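> With the sequence up front, the predicted model follows.
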Amino acid sequence: MNWNIELIGIIAAVLTTVGFVPQLIKTLKTKNVEGISLTMYLIMFSGLIFWLMYGFLIDSFAIKFANIVSGVLVFSLIVLKVLYKKI
C-alpha cells in the first residue's frame, strides 16, 4: 500500500464523509425529515456497501474508512427518516 496515495484518499474520505454530518445534526435537532428523500438515502447506502466491499478487495484503508463512517451516518439518517416520518 502506497501511503502517499492513501493520504489523498483519506483527505477525500474525510471531506466527503463530513458532508453528511450537518444533515444528521439538523435532523436530530428539528426532528423534521420532510426534505429528506428515503429513496436517495437507500440508494446511497447501497452504493456505500459496494464501495466498502471494493475497499476490502483492494485493501484500501481510505475507502474502507470513508464507507464505514459514511454508512453509519447514512444509515442513521434512514432510521431517523423512518422514525420521525410518523411524528
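That came through, no problem. Owing to the predicted nature of the structure, the values given are computational and were not obtained by experimental measurement.

> For the lengthiest helix in the chain, name the packing helices and strands.
Scanning the chain for the longest helix, with DSSP state H as the assignment, gives helix 61-84. Here helix 61-84 touches helix 3-18, helix 21-30, helix 38-58, going by 3 or more CB pairs under 8 Å, 6 or more residues apart in numbering; DSSP states H and E. Heads up, the C-betas are built off the backbone N, CA and C, glycines and all.

> same question for that helix, mean pLDDT?
Helix 61-84 comes out with an average pLDDT of 94.

> How much space separates Asn4 from Leu48?
Asn4 sits 25 Å away from Leu48, taking CB to CB, to the nearest Å as the criterion.

> Who has more neighbours out of those two?
A side-by-side neighbour count of Asn4 and Leu48, using other CB atoms under 10 Å, places Leu48 first with 21 against 6.

> What distance do you get for that one to Lys81?
For Leu48, the distance to Lys81 - CB to CB - is 16 Å.

> and if you look at Tyr41?
Counting by CB to CB - Tyr41 and Lys81 are separated by 7 Å.

> Please apply the same query to Asn2.
Asn2 is 39 Å from Lys81, by CB to CB.

> out of these two, which sits in the busier spot?
More neighbours surround Lys81 than the other of Asn2 and Lys81, with 17 against 7 (other CB under 10 Å).
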